[in-house]
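> With the sequence up front, the predicted model follows.
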Amino acid sequence: MRRPISRDQKTTIVYGILCFVVLVVVLQLWLLTATMNAWLGGDRTILVPGAVVSIVAFLMNCGLLRYVYVMERRER
Amino acid sequence: MRKTSEEENTIAPDGKPMDQQPQWRKDFPIDRSQDEFVARRDFTKFLVLTSAAFAVGQSWIVAKSLSDRAAEHAIEARPIAGATELEVGKSKIFHFPTGADPCVLVRTGENEFVAYSQLCTHLSCPILPDPRDGQLHCPCHNGFFEVATGRATAGPPKRPLPKINLEVRNGLVFATGVELRMV
């Protein structure tokens, strides 16, 4: 049987997830800037890989957010 | 009185447990630890929305690039000058592929023509042809490009000028396409 998660544990988990999401969003910001720079410079080779990485990062963030909500529901 | 868990300090006015309370009460908890959790959770949600915006922006760049490429393939050849209209060493300004794209045509030899976009690759100032020196000059920041190749030779511009592909047919010089170059 699973032990219920305490509020303190929940807060610690959400802090960890938040830190990770911040890192990923900063990475996406850098990626967008670099891609825009390359595109305006006429280089089209990195556009598709950049978009794929950004979408994967977004899906990963969605998964983490979903985990937060699932964890909250399970605790109630 | 309802029994509360050791973490749940606040009792709602109606006395019911928190999971039976309306959403607005769950979103604005009184207990400090729960309030901290909700604040962090909502900030995470906001960041995920930001992440979505970045992903959409990145996808937009790809879509715009693909549509630009399709438009480039759809460029139609257009006569820009007569083959004998210019003397050797002279130049002519024309617009290609649209009226908003100024370009410069230079006759470099008896049967040799070159054409480039007139916008400097530094900050898009119009370049002025000076074919006698074999150079194209950008007066804004003193950038220089080689007439024969369009490559940057001096000043702030690093990238070569976009090249206009040319064809000479029936005594006319046709612009047939635009070639963007990185080096």
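Thanks, I have it. Numbers count the residues shown, from 1 in each chain, chains lettered A, B, ... in the order given.
> Sketch out the low-pLDDT regions of chain B for me.
B:1-8, B:131-132 (pLDDT under 70).
> got the residue ranges for the helices in it?
B:23-27, B:32-73 (DSSP state H).
> do you know which of these lies nearest chain A?
helix B:32-73 (4.0 Å; C-beta to the nearest C-beta). Any C-beta I mention is one placed from the backbone N, CA and C, and that applies to glycine too.
> Who are the packing partners of that closest one?
helix A:7-40, helix A:47-75 (3 or more C-beta pairs under 8 Å, 6 or more residues apart in numbering or on different chains; DSSP states H and E).
> what about residue B:74, how many residues close to it?
8 (other C-beta atoms under 10 Å in any protein chain shown).
> do the same with residue B:28
10.
> show me the contacts for it.
By C-beta atoms under 8 Å, 6 or more residues apart in numbering or on different chains, the residues touching residue B:28 are B:35, B:38.
> for the residue lying closest to residue B:130 once chain neighbours are set aside, what are its contacts?
Spatial nearest neighbour of residue B:130, chain neighbours left out: residue B:137 (5.2 Å); criterion: C-beta to C-beta, 6 or more residues apart in numbering or on different chains. Applying C-beta under 8 Å, 6+ apart to residue B:137 gives the contacts B:127, B:128, B:129, B:130, B:143, B:144, B:145.
> For the first one, list the residues it contacts.
By C-beta under 8 Å, 6+ apart, the contact list for residue B:127 reads B:104, B:116, B:118, B:119, B:120, B:136, B:137, B:138, B:143, B:145, B:161.
> Got a quick ChimeraX command for the buried subset of those residues?
Buried subset of these, written as a ChimeraX selection, criterion 16 or more other C-beta atoms under 10 Å in any protein chain shown:
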select /B:104,116,118,119,120,136,137,138,143,145,161
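> Let's have the contacts of residue B:127 in a markdown table, adding distance to residue A:51.
What follows is the contacts of residue B:127, written out as a markdown table (distance: C-beta to C-beta, whole Å):
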| residue | distance to residue A:51 |
| --- | --- |
| B:104 | 35 |
| B:116 | 31 |
| B:118 | 32 |
| B:119 | 27 |
| B:120 | 30 |
| B:136 | 35 |
| B:137 | 39 |
| B:138 | 34 |
| B:143 | 33 |
| B:145 | 33 |
| B:161 | 29 |
